[in-house]
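Asker: quick one: sequence plus predicted model below, questions after.
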Amino acid sequence: MEIKYLTQLNEHPSIKTKSPDVTFTLRPSDEAEITYVEATYNNRAPLPLALKELLLLAGNRCYVLEYGPSYSLKKLQESVRASLVEYNKSITIPFFAIDVYSGNEQFIFVFLNEGDDPIVRQVNLEEERPAWIRSTKRTLSDYINTLTLRLLSGRNPF
């Protein structure tokens, strides 16, 4: 598949850090995992193209995203959905989490019905409604490419 959106990840499957023995390498998902994601989280509809590229390039490990202790986007989905229930909150539009931090109280996600390059949103489950979901006002490709360029320049991507 031609990579249209996540060009920086595609061009840099591994990144050496300033530490001499540290290299971060992407670990992709396979087609079966992507089919599972489409069936489970998007009612068998195709995923937004930028998200599909993320899965194909780095669905099992990404140097600019935190998938949680299992390094799995599949486990991340289960984890954030359990946290939503724990905090008595819900997201009714099909969504896919791409990053988690502060335990599971905060995570980054995209809605699956916003076109090929959806807007990235942040969740803070400890906030009260409606402010617990905020838009970053950045598309998934802009978000990932910017974090990758930041890491390539020697800075912390987070």
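Answerer: Alright, I've got the coordinates.

Asker: flag every buried residue along stretch 58-76.
Answerer: 58-65, 67-68, 72-74, 76 (16 or more other C-beta atoms under 10 Å). All C-beta atoms are positioned from the backbone trio N, CA, C, and that covers glycine.

Asker: just send those back as TSV, with secondary structure and pLDDT too.
Answerer: What follows is the buried residues of stretch 58-76, written out as TSV (DSSP: H, G, I helix; E, B strand; the rest coil; pLDDT from 0 to 100):
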residue	secondary structure	pLDDT
A58	helix	93
G59	coil	89
N60	coil	88
R61	strand	89
C62	coil	90
Y63	coil	89
V64	coil	91
L65	coil	91
Y67	coil	82
G68	coil	78
S72	coil	75
L73	helix	80
K74	helix	80
L76	helix	88
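
Asker: where does the protein dip in pLDDT?
Answerer: Across the chain, the ranges flagged by pLDDT under 70 are 19-20, 70-71, 158.

Asker: in it, which spans are helices?
Answerer: For the chain, helices defined by DSSP state H occupy the ranges 7-11, 31-41, 49-58, 73-86, 140-152.

Asker: which one of those lies nearest to E128?
Answerer: helix 73-86 (14.8 Å; C-beta to C-beta).

Asker: ramachandran coordinates for L6?
Answerer: In this entry, L6 is assigned phi and psi values of phi -90, psi 60 (degrees, to the nearest 10).

Asker: looks like it contacts L55 (just checking).
Answerer: No. Under the criterion of C-beta atoms under 8 Å, L6 makes no contact with L55, lying 10.1 Å away.

Asker: comparing those two, which residue is more hemmed in?
Answerer: Comparing L6 with L55 by neighbour count (other C-beta atoms under 10 Å), the higher total belongs to L6, at 25 against 22.

Asker: from E126, how far out is that one?
Answerer: L6 sits at a distance of 31 Å from E126 (criterion: C-beta to C-beta, to the nearest Å).

Asker: please identify the deepest-packed of the helices of the chain.
Answerer: Mean neighbour count (mean count of other C-beta atoms under 10 Å) peaks for helix 49-58 among these, with a mean of 23.

Asker: that one to helix 31-41, inter-axis angle?
Answerer: When axes from the mean of the first three to the mean of the last three C-alpha atoms, to 10 degrees is applied, the directions of helix 49-58 and helix 31-41 differ by 140 degrees.
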